[in-house]
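S.K.: Just need the structure, nothing else, for what follows:
(one chain, ligands or ions: 1)
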Amino acid sequence: MTNLLIDKVAVITGGASGIGQATVEAFVDNGAKVVIGDIQDDLGKALADKLGDSAVYVHADVTDETDVENLVATAVKTYGKLDVMFNNAGAPSAPAPITEFSVEYLDKALSLFVRSVALGHKYSARQFKSQGTGGSIISTSSLAGLQGGWGDIGYSSAKAAVLGIARVATVELGKFGIRSNVIAPGIIMTPIFTRYAGLSEEDSEKFLARLEELTQDEQPLGRTGVPADIAGPALFLASDLSAFVSGVTIPVDGGSSSVTFNTFDQKFGEVAAELEAGWVSARN
Ligand code: NAP
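M.R.: Modelled structure (predicted):
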């Protein structure tokens, strides 16, 4: 254990799985108390139980304003204050070409990735202002929010909007000591790739293995990302080490954002077709 977040209280959405889970564990390991928000109740409760007094789990759909408000209220009620808000929850959407997408599909993507991040800013910043302590807001975008070729219209446009929210927050809230920064992950091996793909367990494993191979070709550092790769930069942005950093986006992508042309989307589609992945819509 190190002490980067001693006496800090954080809310982490999507904290029951993947990137969120690794960040919950890293924050607690560094002395923080954490409110885990997610819709996967069994996983979230099990994680909180494992972490004892350092974490509580709250069912929270991040597209629901009352649920987001309640996450912040739970941090204050349980641990007395809030210092860090990590807007991270997300789910894949069934890929939709520009010529085919439905309004419902687009609204769903914007609600899951933009409304949620905006609400996270609204309620955490209110709390930070009333405490008079400042605070750190971190939001998960994606390489798809920075470049084409990593996602479709709904996902990419929503993830790009996350950067806009952080810039607005930086300008509006800086005078209160409130910082807002963004992490843009590259390809990180988490259940997000298979949970909604309608694949058998065996085919899910094959799918992840193929994805790993193709990522090794596409990401300059030559390996696939793991959730802990994101937890490290999140720890930096949450801690006082980044006290003078606001409004920035950190790509955490094995160097992929330095590559000017990639064929990830095309190859991803080929692997999915080969394994007959029949995408079903994500919950949100
Ligand atoms: P993950 O392992 O699936 O974790 C995401 C968690 O968020 C899941 O527990 C998911 O539950 C939950 N969630 C979904 N919709 C929610 C909602 N409305 N309210 C609250 N929780 C909700 O995926 P991950 O890869 O760690 O993704 C975390 C974030 O990183 C997402 O914003 C994702 O877009 C972003 N990201 C991931 C990658 C990558 O390569 N993995 C790359 C770039 C960006 P369900 O499973 O039930 O939906």
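
S.K.: Enumerate the residues of the stretch 51-200 of the chain near the ligand.
M.R.: Within the stretch 51-200 of the chain, the positions near the ligand by CB under 6 Å from any ligand atom are 60-63, 88-91, 112, 140, 142, 185, 187-188, 190-192, 195. Every residue, glycine included, has its C-beta placed from N, CA and C.

S.K.: Return the members of the residues you listed classed as buried.
M.R.: Buried members of those, counted by 16 or more other CB atoms under 10 Å: 60-63, 88-91, 112, 140, 142, 185, 187-188, 190, 192, 195.

S.K.: quick one: the strands in the protein?
M.R.: With DSSP state E as the criterion, the chain has strands at 9-13, 33-38, 55-59, 84-87, 135-140, 178-185, 249-252.

S.K.: Make TSV from those and add distance to F236 and mean pLDDT to it.
M.R.: Shown next, in TSV, are these (distance: least, CB to CB, whole Å; pLDDT from 0 to 100):
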stretch	distance to F236	mean pLDDT
strand 9-13	14	99
strand 33-38	17	98
strand 55-59	20	98
strand 84-87	12	99
strand 135-140	10	99
strand 178-185	9	98
strand 249-252	8	98
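
S.K.: want to throw the ones you listed into JSON lines with distance to Q21?
M.R.: Output for the strands of the chain, formatted as JSON lines (distance: least, CB to CB, whole Å):
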{"stretch": "strand 9-13", "distance to Q21": "9"}
{"stretch": "strand 33-38", "distance to Q21": "8"}
{"stretch": "strand 55-59", "distance to Q21": "11"}
{"stretch": "strand 84-87", "distance to Q21": "12"}
{"stretch": "strand 135-140", "distance to Q21": "13"}
{"stretch": "strand 178-185", "distance to Q21": "14"}
{"stretch": "strand 249-252", "distance to Q21": "16"}
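
S.K.: Now do the contacts for the residue nearest the centre of the chain.
M.R.: The centroid of the chain falls nearest to N88 when counting by CA atoms, centre = their mean (2.7 Å). Residues near N88 by CB atoms under 8 Å, 6 or more residues apart in numbering: I12, T13, G14, G15, I19, G20, T23, I138, S139, T140.

S.K.: what's the farthest-apart pair in those?
M.R.: Greatest spatial distance among the contacts of N88 (CB to CB): G15 and S139, at 14.0 Å.

S.K.: between those two, which one's more packed in?
M.R.: The residue with more neighbours, out of G15 and S139, is G15; 34 against 28, by other CB atoms under 10 Å.

S.K.: could you measure that one against the ligand, distance?
M.R.: In this view, G15 and the ligand are 8 Å apart by CB to the nearest ligand atom, to the nearest Å.

S.K.: Identify the residues contacting T63.
M.R.: S111, L112, R115, S116, N284.

S.K.: Nearest residue to it in space, please, no chain neighbours.
M.R.: Spatial nearest neighbour of T63, excluding adjacent residues (CB to CB, 6 or more residues apart in numbering): S111 at 4.7 Å.

S.K.: so what's the one you found scoring on pLDDT?
M.R.: Model confidence at S111, given as pLDDT, is 98.

S.K.: Contacts only, for V28.
M.R.: V34, L51, S54, A55.

S.K.: As CSV, these with neighbour count and distance to G222 would be great.
M.R.: Output for those, formatted as CSV (neighbours: other CB atoms under 10 Å; distance: CB to CB, whole Å):
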residue, neighbour count, distance to G222
V34, 29, 33
L51, 19, 33
S54, 17, 35
A55, 25, 34
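
S.K.: Show me which of those residues is closest to N262.
M.R.: In terms of CB to CB, no member of the contacts of V28 lies closer to N262 than V34, at 34.6 Å.
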